[in-house]
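Peer 1: curious how this folds, go ahead:
(chains A and B)
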Amino acid sequence: MTFEEIHETYWPKVYRQCMGYMNDHDAAKDIAQETFIKVWQQLPKFRNESSISTWIFRIAVNTCLRQLDKDKKMPKSELPLEISEKKSINNEPQVQFLYQYISELPEIERIIITLELEDLKQKEIAKIVGLSESNVRVKIHRIKEKLTRKFQKNGR
Amino acid sequence: MVDNINFKKLWDKQQIEIPETKELIKKANKFKKNTFYKLVIANALLVITSIFIGFVWYYYQPRFMITKIGLIICIIAMIIYLAFHNTLTPLLLKNNLELDAKLQLKQLLMLKEKQRFQQTYLLNIYFILLSLGLSLYMYEYVAKMTLSWAIISYGIVLFWVGLNAFYFRPKILKKQQAKLNILITRFKELNEQLID
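Peer 2: Residues are numbered from 1 along each chain as shown, chains lettered A, B, ... in the order given. Just a heads-up that it's a prediction; the model follows:
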């Protein structure tokens, strides 16, 4: 796969993953960009030991987790709703709520559910975060319950 | 009541703009250059300072052994500081990004703890060596002065050294440590979320 192809195929996936993690379009774009810069730099060294999607998502997830090292701003999920909504006026409310609720979860849960929603196999998710497959399965189940409760509580 | 929400369907509706690949590659190159230049500048400063010290040595021909030792200690102080800077910076920037999240966080935590330890240790050594080197170096020239000038000269230098050691150094350290401590706590929290 050339970088152009990778960029085209994976940008939307990585972008959504970052968006679920940050719930902020600018931040998501920055992290996605950082991820692809790393992908571009490391691509010549990539050996097919793992699948390309595992490799790319590992870089994306680790880049998300490393934001702690730089991020001085308050996470968007802690801001009042009106402010965090302004950025994503183009999306329908249900979509916005989903991304908002995800971004309110603990970091690792955010990562697991965003990868699940990107249709990654549980085995692959386990390889990306470093947990066992069964643990990932249990976690996904609980996270979905949590999200459903959040939707119900807010009557959506 | 909503029981069966199709998260996947909502998830995919997120709107996305895809940037141009060319733009991305341009940015990647710029980023690479910036990191490289930062290292080059730090090292160039050391080389220039060393050349300057070498020039002083050659031009003024110090006669006392103590003066030469002073100069050497100053150079050693700078070399130690830079050697550390040169090895740690790439480590911090390095891409253990290809590991799984759990391993990456563990490594990051180790690195940050190492950094916390070395920051204190290294900055102390740097200040001690630099002050010592400077005081030794001065002796030959101060010895030729009258007593009152000698006292004034040493007084000024010691005041400057003291100001750095007891005012600026703790201040810098406190700031760096506070930042690192917060990070370490946060990384530890993340690690706990990853216990199987």
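
Peer 1: just the helices in chain B please.
Peer 2: Applying DSSP state H to chain B gives helices spanning B:7-12, B:21-60, B:65-93, B:101-142, B:147-163, B:169-193.

Peer 1: what helices or strands is the shortest one leaning on?
Peer 2: Think helix B:7-12. Helices and strands touching helix B:7-12, as assessed by 3 or more CB pairs under 8 Å, 6 or more residues apart in numbering or on different chains; DSSP states H and E, comprise helix A:3-22, helix A:93-103, helix A:107-117. Quick note: C-beta positions are derived from backbone N, CA and C, even for glycine.

Peer 1: before we move on, back to that, need the helices of chain B in JSON lines with mean neighbour count, distance to A:P12 and mean pLDDT, can you?
Peer 2: As requested, the helices of chain B are exported to JSON lines (neighbours: other CB atoms under 10 Å in any protein chain shown; distance: least, CB to CB, whole Å; pLDDT from 0 to 100):
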{"stretch": "helix B:7-12", "mean neighbour count": "16", "distance to A:P12": "9", "mean pLDDT": "90"}
{"stretch": "helix B:21-60", "mean neighbour count": "13", "distance to A:P12": "14", "mean pLDDT": "82"}
{"stretch": "helix B:65-93", "mean neighbour count": "15", "distance to A:P12": "27", "mean pLDDT": "82"}
{"stretch": "helix B:101-142", "mean neighbour count": "17", "distance to A:P12": "21", "mean pLDDT": "86"}
{"stretch": "helix B:147-163", "mean neighbour count": "12", "distance to A:P12": "56", "mean pLDDT": "90"}
{"stretch": "helix B:169-193", "mean neighbour count": "14", "distance to A:P12": "26", "mean pLDDT": "88"}
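
Peer 1: for the residue in chain A positioned nearest to chain B, grab phi and psi.
Peer 2: Across chain A, the shortest distance to chain B (CB to the nearest CB) belongs to A:G130, at 2.8 Å. Main-chain torsions, A:G130, degrees, to the nearest 10: phi 90, psi 30.

Peer 1: list the contacts of the closest residue to it other than its chain neighbours.
Peer 2: Nearest non-adjacent residue to A:G130, counting by CB to CB, 6 or more residues apart in numbering or on different chains: B:K102, 2.8 Å away. Contacts for B:K102 were tallied using CB atoms under 8 Å, 6 or more residues apart in numbering or on different chains; they are A:129-131, B:191, B:194.

Peer 1: and if you look at B:K144?
Peer 2: Under the criterion of CB under 8 Å, 6+ apart, the contact list for B:K144 is empty.

Peer 1: rounded mean pLDDT for stretch A:39-49, please.
Peer 2: The average of the pLDDT scores along stretch A:39-49 is 85.

Peer 1: which one of the contacts of B:K102 is nearest to B:L24?
Peer 2: Comparing the contacts of B:K102 against B:L24 with CB to CB places A:V129 closest, at 26.0 Å.

Peer 1: quick check: that closest one touching A:R110?
Peer 2: No - here A:V129 does not reach A:R110: they are 10.9 Å apart, not a contact under CB atoms under 8 Å.

Peer 1: let me know the closest of the contacts of B:K102 to B:K27.
Peer 2: Distance to B:K27, by CB to CB, is smallest for A:V129 among the contacts of B:K102, at 27.7 Å.

Peer 1: show the contacting residues for B:L82.
Peer 2: Contacts of B:L82 (CB under 8 Å, 6+ apart): B:42-43, B:46.

Peer 1: can you name the residue of chain B nearest chain A?
Peer 2: With CB to the nearest CB, the shortest gap between chain B and chain A falls at B:K102, namely 2.8 Å.

Peer 1: could you check how far that residue is from B:E140?
Peer 2: Distance check for B:K102 against B:E140: by CB to CB, to the nearest Å, it reads 59 Å.
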